[in-house]
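got a predicted structure here, sequence first:
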Amino acid sequence: MMKRNMTHKPEDCLILFGFAQDSPAPFPPGSMSLRDLSPGYSETLENSKLSQASISALKLAVVQVIRALVQQNKRSVVIFFGEKEAASNFFVLAQIRTALPDIRIFMAGTGLSTFHVTRKLAQGLIDVSIRSDDLPTILDCKKRLKTGASLASDPRIFWKSEENWIRWNRPEPGPPKLGTVLLVIMPAWNEEFPPYGLAHLSASLKAAGYGVKVLDLNLEFWRTQRKEEADIVSLQNIVLWSLPERFESGPKPRLVGILETLERTLKSEEFCAVGFSLFQTNLLASDEGFRVVRKVSPKTRIICGGPSCTPEWSKQALADGNTGNVDAAVFGEADTSLIELLHQWDKENPEPVKGVRFRGLRGTLLEGGAREPECLALCQNPDFSELPVFNYSRLVLPVHFSRGCVGKCAFCFESFYWKKHRSVPFNKVLEMIANAQRDYGVNHFMVADSLMNGDHAALGQLADALIDSGMNVSFYGYCRADQRLTPELLAKLKEAGCSEIFFGIESGSQRVLNRMRKGIRLTHAAKVLRNTKTVGIRSCVSIMVGFPGETWWDFWKSAYFVLKNSRYFDNLVLNIAAPPEGTPMFQERDSFDIEFRDTHSRFWKSKDGRNTLDVRLLRHRIILRLWQALRGRWANAAIWDLEYETLRE
C-alpha cells in the first residue's frame with residue numbers, strides 16, 4: 001500500500017498516479033490521478049492491450065497532464081506503476097515523452113519489472129526508475145541523483161547516465177584484502193549478453209580476497225560505433241579483425257576511444273594485474289591493449305587466458321623478444337590457476353603453477369604442466385556485479401549446466417580446452433538461476449555449455465528440478481543430435497523452459513561426418529530435428545562446407561539435407577571449414593592432406609588442389625542462396641558478401 005506524506009510539497013515535479021493505486025487515503029496535494037482524468041477508461045487491470053475507447057480516454061488524460069506540466073513549469077514527472085497497469089502507464093509515458101522530450105520522467109513502484117524498466121531506459125522513454133512506493137523516499141532519491149550523492153543504501157534504482165549507459169545502485173564492495181585485478185575483453189565479440197568467463201573469474205578472485213574491476217571494452221566499442229553511425233555490417237566481418245593488414249586499415253583506427261577508456265582506468269587506481277580474454281577475433285585488438293598497459297603502467301603484470309590463449313600462441317607471446325608484452329598465459333579453466341599464479345608472484349622465489357606458463361620475478365620462464373579439470377560442485381557461482389548487465393542488446397544472462405564435450409570433432413577445440421565433460425549439480429544450477437532472478441530480475445538464460453546433453457540422465461534430472469521449482473524461466477543452448485535426445489526428454493525440456501536448441505549437424509554426408517569425427521548418424525539427426533519441432537522447441541542447424549575430403553557429391557548431399565529437413569528447423573548457421581590452432585585438424589594437417597598459405601586458418605587448400613578457398617566460398621554461397629529461397633532474405637547475407645570480397649582480395 002502507498003505510504004503518503006501529506007505535508008510534502010514537491011516543487012519541480014508532478015506526481016502522477018495510475019489506476020492500481022487503491023489506497024483510501026487521498027492523493028498528495030498537487031498530484032494527479034489517471035483514474036480521475038480518464039473516466040472513459042474501460043480496461044481491466046489484467047489487460048495488456050488497450051482498446052480504442054481506452055486509448056481515446058487516455059489521450060484526454062495525457063492532454064491534461066501535459067497542460068499541467070507546462071503551466072506549472074514542472075521539470076519532471078513521477079509516474080507510479082501498479083503491478084497490473086503496465087499498458088496504460090506505458091502509453092501515458094510514451095505520449096509525455098513525445099510531447100515534452102526534455103522533461104525527466106521517473107517510474108516508481110514496488111512491482112516494477114526489471115525487464116520493462118531496462119527496456120524503457122534503453123528506448124529513452126524514461127530517465128529513472130525507483131522501486132519504491134514511499135513518496136518522500138522517491139523524492140529524496142531524485143534529489144540525490146541530481147546532486148551526485150551516494151545511492152548505495154536506497155531502494156533499487158536504475159537511471160541513464162550522461163554517457164547513455166544504464167546504471168543501477170548496488171552496495172559498494174569493501175576494500176580487498178589483497179590487490180585489485182582488472183579483467184578486460186576487447187572487440188570483436190558477442191554483445192548480446194555479459195562475458196561468462198569474466199563473471200566466473202570475478203567470483204573466484206573475490207572469494208580469494210582480491211578486488212575486481214571488469215572492463216567490457218567490446219560492448220563499449222559496439223555502442224560507440226552505433227552512436228557514430230558506423231557501418232556495423234562491415235565491422236562484423238571477422239576477416240577484418242584477424243588479418244593484420246586488414247586490421248590496420250579497418251578496425252584499428254576505431255579503437256581509439258576504448259583504448260582511452262583503458263588508459264583512464266589504469267590511471268584511476270593501482271592494479272596488481274590485468275587479465276585479457278583472448279579469442280580468434282580479438283587477438284590483434286588485445287595486442288593494442290597490451291601496449292596501453294605497458295605505456296601507462298609498465299610494472300603491472302599482463303595475464304592472458306581464453307580459447308585462443310593456446311600453448312602455441314604463448315610461445316610467441318612469451319618469447320625472449322616479447323617479454324614486455326605478456327607476463328603469463330593461463331590454459332583452459334582459470335578458476336584455480338589464476339589465483340595460484342597471483343599467489344606465486346607474491347613470493348620471492350615463485351614456483352611453477354599447473355595450467356600456466358609465466359615469467360618469474362627474474363624473467364625465468366616457468367611451466368607447471370597440465371591441470372586436472374575443476375570440480376564444478378566446488379567452483380564459485382558467477383558474479384555479474386562488475387559488468388553492465390542491463391546495457392547488452394538482450395536482457396539474457398549466461399548459465400552453465402556442464403563444462404566440456406563428449407565429442408572429439410576434428411575442427412573444434414572444445415573437448416581439448418575443457419579436457420573432459422562434467423555436469424554441474426542441479427541444485428547449484430538452480431542456485432545460479434535464483435541469484436540471477438533476485439539480483440537482476442532475469443528470467444531468460446543462454447546455456448553456455450559446449451552441449452547441454454553431454455549427460456542425458458543429468459539433463460533429465462535438471463529438467464525435473466526446474467519444473468518442480470516453479471521458477472518459470474526460459475533457456476536455450478547447444479545439443480548434440482543424439483538418438484538419446486528422445487521425444488520424452490525433449491518434452492520435459494520444453495516444460496522446463498527450453499525455447500531453442502542449436503544442433504551442430506555440419507554435413508549431409510555420412511562419409512564427411514565420419515571424417516569430422518562427429519560420432520553421429522544422419523538418420524538419427526533428422527529424427528531429432530523432427531521430434532524437436534513436434535514438442536514445440538525452436539531449432540537452429542549448423543552446416544559446415546569445405547571440410548577436408550568433402551567432394552562436390554558430398555556437398556550436394558548437404559544441400560539436399562537442408563532442403564529435405566528445412567520444415568523441421570527455424571534457422572541455419574553456415575560455416576566455412578577452418579582449422580584453428582589447437583584443433584586436430586590443425587595439429588594433424590598432414591593426415592588431412594591440407595597445407596597453409598600462411599598462418600591464417602582460412603587460407604588453406606587440399607594438397608591435390610581441389611579444395612581451395614574459392615571452392616569453399618562458392619559452396620557456402622550456394623547453400624546460402626538455397627536457404628534464402630526457402631525462407632526469404634537472410635539477415636547475415638550482407639556480412640558474408642563482404643567477407644567473400646575481402647577473402648578473395
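That came through, no problem.

use CA for all of it now, contacts and neighbours both
Noted.

name the element the spatially most central residue of the chain belongs to?
In the chain, the residue lying closest to the centroid (CA atoms, centre = their mean) is Phe193, at 1.8 Å. Using DSSP states H and E, Phe193 falls within no helix or strand.

pop out the phi and psi values for it.
Here is the backbone geometry of Phe193 (degrees, to the nearest 10): phi -150, psi 170.

tell me the contacts of Leu240?
By CA atoms under 8 Å, 6 or more residues apart in numbering, the contact set of Leu240 is 246-247, 250-251.

next step: those restricted to helices.
246-247 (DSSP state H).

of the contacts of Leu240 - the most surrounded one?
Across those, neighbour numbers were computed from other CA atoms under 10 Å; Pro251 holds the maximum, 19 neighbours.

quick check: it touching Leu235?
Yes. If you go by CA atoms under 8 Å, Pro251 and Leu235 touch, sitting 7.0 Å apart.

quick one, helices of the stretch 301-450 of the chain?
Remark: helices assigned in the stretch 301-450 of the chain by DSSP state H, counting those that start in this stretch are 311-317, 337-345, 414-418, 426-440.

what pLDDT is listed against the residue lying closest to the residue nearest to the centre of the chain once chain neighbours are set aside?
Spatial nearest neighbour of Phe193, excluding adjacent residues (CA to CA, 6 or more residues apart in numbering): Tyr392 at 5.4 Å. For Tyr392, the model assigns a pLDDT of 92.

what about Tyr392, distance to Trp241?
Per CA to CA, to the nearest Å, Tyr392 is found 21 Å from Trp241.

helix, strand or coil for Phe276?
Following DSSP: H, G, I helix; E, B strand; the rest coil, we place Phe276 in the strand state.

and the nearest residue to Leu34 once chain neighbours are set aside, how many residues sit next to it?
Leaving aside its chain neighbours, Leu34 sits nearest to Gly18 (5.2 Å; criterion: CA to CA, 6+ apart). Neighbours of Gly18 under the rule other CA under 10 Å: 21.

my guess is Gly18 contacts Arg35. True?
Yes. In this structure, Gly18 is within contact of Arg35 by CA under 8 Å, at 6.5 Å.

what about the helices in the stretch 451-600 of the chain?
Counting by DSSP H, counting those that start in this stretch, the stretch 451-600 of the chain has helices at residues 456-469, 487-496, 510-516, 522-535, 552-565, 584-587.

before we move on, the earlier item: so which of the helices of the stretch 301-450 of the chain comes closest to Ile130?
Among these, helix 426-440 comes nearest to Ile130, with 14.2 Å by CA to CA.

going by neighbour count, list what's buried in that closest one.
426, 428-430, 432-437, 440 (16 or more other CA atoms under 10 Å).

related to what we said a few turns ago, with Leu60 as the reference, name the closest of the helices of the stretch 451-600 of the chain.
The nearest among the helices of the stretch 451-600 of the chain, by CA to CA, is helix 487-496 at 44.1 Å.

that closest one to helix 456-469, inter-axis angle?
The directions of helix 487-496 and helix 456-469 differ by 40 degrees, with axes from the mean of the first three to the mean of the last three CA atoms, to 10 degrees as the criterion.

contacts for helix 487-496, please.
Identification of contacts with helix 487-496 by CA under 8 Å, 6+ apart yields 460, 463-464, 466-467, 472-474, 531-532, 535-537.

among these, which ones are buried?
Neighbour-count burial (16+ other CA under 10 Å) is assigned, among these, to 460, 463-464, 466-467, 473-474, 531-532, 535, 537.

of these, which is the nearest to Thr224?
When the buried ones among the contacts of helix 487-496 are compared against Thr224 (criterion: CA to CA), the nearest one is Ser474, at 30.5 Å.

what sits against the spatially closest residue to the closest one that is not a sequence neighbour?
Leaving aside its sequence neighbours, Ser474 sits nearest to Gly497 (CA to CA, 6+ apart; 4.3 Å). Contacts of Gly497 were listed using CA under 8 Å, 6+ apart, and they are 472-475.

equivalent analysis for Lys120, please.
Ile126.

pLDDT on the host helix or strand of it, on average?
Element membership of Lys120 [criterion: DSSP H and E] is helix 114-123. Mean pLDDT, helix 114-123: 84.

kindly report the same for stretch 395-411.
Averaged over stretch 395-411, pLDDT sits at 94.

how long is it end to end?
32 Å.

so for the contacts of helix 487-496, which is the shakiest by pLDDT?
Asn472 (91).

next, that residue: phi, psi?
Note on Asn472: its backbone torsions stand at phi 60, psi 60 [degrees, to the nearest 10].

and the gap between it and Glu191?
25 Å.

residues contacting the closest residue to Phe503 other than its chain neighbours?
Counting by CA to CA, 6+ apart, Phe503 lies nearest to Val541, which is 4.9 Å off, once chain neighbours are set aside. With contact taken as CA under 8 Å, 6+ apart, Val541 is in contact with 502-506, 569, 571-573.

what pLDDT, on average, does the helix or strand harbouring Leu69 get?
Element membership of Leu69, judged by DSSP H and E, is helix 52-71. Here helix 52-71 scores 84 as its mean pLDDT.

now do it: which elements does it pack against?
helix 34-37, helix 86-99 (3 or more CA pairs under 8 Å, 6 or more residues apart in numbering; DSSP states H and E).

can you redo the ones you listed as TSV with distance to Leu121 and mean pLDDT?
Putting the helices and strands packed on helix 52-71 into TSV (distance: least, CA to CA, whole Å; pLDDT from 0 to 100) gives the following:
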stretch	distance to Leu121	mean pLDDT
helix 34-37	22	76
helix 86-99	12	82
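
need those helices in a markdown table (columns: distance to Glu228 and mean neighbour count).
Compiled in a markdown table, the helices and strands packed on helix 52-71 are given as follows (distance: least, CA to CA, whole Å; neighbours: other CA atoms under 10 Å):
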| stretch | distance to Glu228 | mean neighbour count |
| --- | --- | --- |
| helix 34-37 | 40 | 18 |
| helix 86-99 | 24 | 18 |
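
got TSV for these, with distance to Arg511 too?
Formatted as TSV, those follow (distance: least, CA to CA, whole Å):
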stretch	distance to Arg511
helix 34-37	68
helix 86-99	56
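
measure Cys405 to Trp418 for me?
Plainly put, Cys405 is 8 Å away from Trp418 if you go by CA to CA.

thinking again about what came up before, and the pLDDT for the residue nearest to Phe503?
96.

bridged to it, which residues?
The partner list for Val541 in beta bridges (DSSP bridges) reads Phe503, Leu572.

that one and Asp570, how far apart?
Between Val541 and Asp570 the distance is 8 Å, computed by CA to CA.

any idea how far Ile55 is from Val62?
On the measure of CA to CA, Ile55 and Val62 end up 10 Å apart.
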